[in-house]
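Asks: Quick one, what's the 3D model for this:
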Amino acid sequence: MRVAEQRDAGVLTLTLDYPARRNALAVPLREALHDILEAAQGDAAVRAIVLTGAGGTFCSGGDISGMNVTDAETGRERMRRTHRIIRLMVAGRIPIVAAVEGWCVGAGLSLACASDTIVAAEDARFMAGFGKVGLIADLGLPFTLPARIGSGRARQMFLYGTGLDAREAERIGLVDEIVPKGGALAAASGKARFLAAQAALPIALTKRILAEGLDRALEDERHFQTLCFLSEDHAEGKAAFLEKREPSFGQR
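Replies: Next up is the predicted model:
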């Protein structure tokens, strides 16, 4: 389990690499991603970032097996630490291009939407899906997804958890560019090289303006998701996921 780093001139490419869980965003992976992003903010040589996943999958979501919140303080601290990543991505100075192949689900969708540009392969699939495990959308997604596709369409994705293929995702504005299968990283790298060659200050300030309201949204999310972590529905959703069955909410 690691976040692989590769540098090419002013572009830093980060690859989520957790093959056992299809790059699920387990806590150690989150911490590694945060540390790299934070270091990059202070590195003038890094002018753009590409974020992708190994093995033909961008990110399959949060690591359900590692969600062991037993009290409110633990839940709030878990969200605080994860929100550091989203603040760096959304409001940090460095433009980020997501290269999406395969599934981009849950927390993976949050990472993609926290990026400035999403390049998707034809085989990419997008889904929120948090409700299936008794949680609300998190990692900034209630802020970033409506900004991309509008509150009405975002509401439908949150409430119904239905998946979108790459073409539909592009049609509604979730995806910025579609490329052939296997081509997302090369296309995203090209966009990152373009951004790396631009004036850095206007990009940083534009990101800061567009991030207005993020802090309030993350604080609300931190409180509400903690309530969900401690709910019976989350316990049932987590058990159902691990047992590979459909959850039974509100019927116990």
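
Asks: switch to C-alpha atoms for all contacts and neighbour counts from now on
Replies: Noted.

Asks: which residue ranges form the helices in the chain?
Replies: Using DSSP state H, the helices of the chain run over residues 27-41, 72-91, 107-114, 141-149, 151-160, 166-171, 184-196, 200-210, 214-229, 232-243.

Asks: Mind checking those for the one nearest to residue 122?
Replies: helix 166-171 (5.7 Å; CA to CA).

Asks: Output the closest one in PDB with nothing but the alpha carbons.
Replies: The C-alpha coordinates for helix 166-171 follow below in PDB (Å, rounded to 0.1, in the frame of the first residue of the first chain):
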ATOM      1  CA  ALA A 166     -17.800   8.100 -18.900                       C
ATOM      2  CA  ARG A 167     -20.100   9.400 -21.700                       C
ATOM      3  CA  GLU A 168     -22.900  10.300 -19.400                       C
ATOM      4  CA  ALA A 169     -20.400  11.800 -16.900                       C
ATOM      5  CA  GLU A 170     -19.000  14.000 -19.600                       C
ATOM      6  CA  ARG A 171     -22.500  15.000 -20.800                       C
END
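
Asks: So for it, mean pLDDT?
Replies: On average, the pLDDT along helix 166-171 is 98.

Asks: helices and strands of the chain: which one bottoms out on pLDDT?
Replies: Ranked by mean pLDDT, DSSP states H and E, the weakest helix or strand in the chain is helix 232-243, scoring a mean of 92.

Asks: Distance of the residue positioned nearest the centre of the chain relative to residue 233?
Replies: Centroid check for the chain by CA atoms, centre = their mean gives residue 111 as the closest residue, at 1.6 Å. Distance, residue 111 to residue 233, using CA to CA, to the nearest Å: 25 Å.

Asks: What of residue 58?
Replies: 27 Å.

Asks: what's the answer for residue 178, then?
Replies: 37 Å.

Asks: Could you do residue 227 as well?
Replies: 11 Å.

Asks: quick one: which of the two has more around it?
Replies: A count of neighbours by other CA atoms under 10 Å puts residue 233 above the other of residue 227 and residue 233, at 22 against 17.

Asks: give the contact list for that one.
Replies: 133-134, 249-250 (CA atoms under 8 Å, 6 or more residues apart in numbering).

Asks: so what's the nearest residue to residue 91 once chain neighbours are set aside up against?
Replies: Ranked by CA to CA, 6 or more residues apart in numbering and with sequence neighbours excluded, the top spatial neighbour of residue 91 is residue 208, at 5.0 Å. Residues near residue 208 by CA under 8 Å, 6+ apart: 90-93.
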